[in-house]
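turn this into a structure:
(one chain, ligands or ions: 2)
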Amino acid sequence: MKRTDYLSWDEYFMAVALLAAQRSKDPNTQVGACVANEQNKIVGVGYNGFPWGCSDDELPWNRTGAFLDTKYPYVCHAELNAVLNSISKDLRNCRIYVGLFPCNECTKVIIQSGIKEIIYLSDKYKDSDQVKASKIMLNSAGIAYRRLKTELRSITISLVPPEL
Ligand SMILES: O=c1[nH]c(=O)n([C@H]2C[C@H](O)[C@@H](COP(=O)(O)O)O2)cc1CO
Ligand SMILES: [Zn+2]
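Ligands and ions are numbered 1, 2, ... in the order given. This is a model prediction of the structure:
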């Protein structure tokens with residue numbers, strides 16, 4: 001008899017996004033994103049981090065202070081990286097799974113790439129103008145968004161082989 005406690009596609013792609021988020025060096029918010037196509041194949045994954053070649057040791061991770069002394073002008077968001085890392089430029093009819101509701105800049109990238117649905121976990125910045133702008137654009141463009149529904153509270157991955 002087959003297992004019944006396997007991950008759904010939605011849980012699986014969100015888990016991939018959350019695993020990618022664990023690569024983030026951001027001390028405050030780690031975000032991951034995973035793009036899946038209509039055949040449920042992963043076509044792109046990303047997390048928030050500084051651009052290629054920009055040293056994590058030189059750029060700041062601060063949230064406050066003078067703009068140029070914070071992370072905000074420099075960090076590439078998870079969704080941008082997931083789209084840029086995708087195997088195809090054409091993401092028509094794909095879904096993006098992301099730990100945090102996309103900001104307005106990522107929403108523009110998502111819409112322009114052809115992605116048709118956003119599945120998110122947290123909407124902790126829902127009262128910000130950025131997220132409000134995202135929803136205005138998504139509603140206007142007819143792009144669906146929904147919070148992941150799952151009974152699971154966590155997914156454990158053991159790196160210890162079962163025989164040990
Ligand atoms: O959609 C997003 N995707 C994403 O990767 N991020 C990143 C940028 C920052 O590194 C971090 C947000 O930082 P903070 O929560 O400290 O303001 O999350 C932030 C958002 C939402 O603004
Ligand atoms: Zn963003």
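
now the helices for the protein?
For the chain, helices defined by DSSP state H occupy the ranges 9-21, 78-84, 104-113, 129-141.

how about the strands in the protein?
Assigned by DSSP state E, the chain shows strands spanning 32-36, 42-47, 95-100, 117-122, 144-147.

nearest to F67, of these?
Closest to F67 of the strands of the chain is strand 95-100 (Cβ to Cβ; 21.4 Å). In short, each C-beta sits where N, CA and C put it, glycine included.

can you name every helix or strand that that closest one contacts?
Judged by 3 or more Cβ pairs under 8 Å, 6 or more residues apart in numbering; DSSP states H and E, the packing partners of strand 95-100 are helix 9-21, strand 32-36, helix 78-84, strand 117-122.

could you redo the last one with a cut-off of 6 Å?
If you count contacts as 3 or more Cβ pairs under 6 Å, 6 or more residues apart in numbering; DSSP states H and E, strand 95-100 packs onto helix 9-21, strand 32-36, strand 117-122.

which of the strands of the chain sits most buried?
Comparing the strands of the chain by mean neighbour count (mean count of other Cβ atoms under 10 Å), strand 32-36 ranks first with a mean of 29.

what's that strand packed up against?
Packing partners of strand 32-36 (3+ Cβ pairs under 6 Å, 6+ apart): helix 9-21, strand 42-47, helix 78-84, strand 95-100.

make TSV out of those and add distance to S55.
Shown next, in TSV, are the helices and strands packed on strand 32-36 (distance: least, Cβ to Cβ, whole Å):
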stretch	distance to S55
helix 9-21	21
strand 42-47	17
helix 78-84	17
strand 95-100	25
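
which among those is found nearest to C54?
helix 78-84 (13.2 Å).

list the contacts of that closest one.
Outside helix 78-84, the residues that touch it by Cβ atoms under 6 Å, 6 or more residues apart in numbering are 31-33, 35, 44-48, 98, 102, 106, 109, 113.

per-residue pLDDT, D57?
For D57, the pLDDT comes out at 88.

so who does V98 touch?
A17, A33, E79, Y120.

is it bridged to anything, and to what?
Counting by DSSP bridges, V98 is bridged to A33, Y120.
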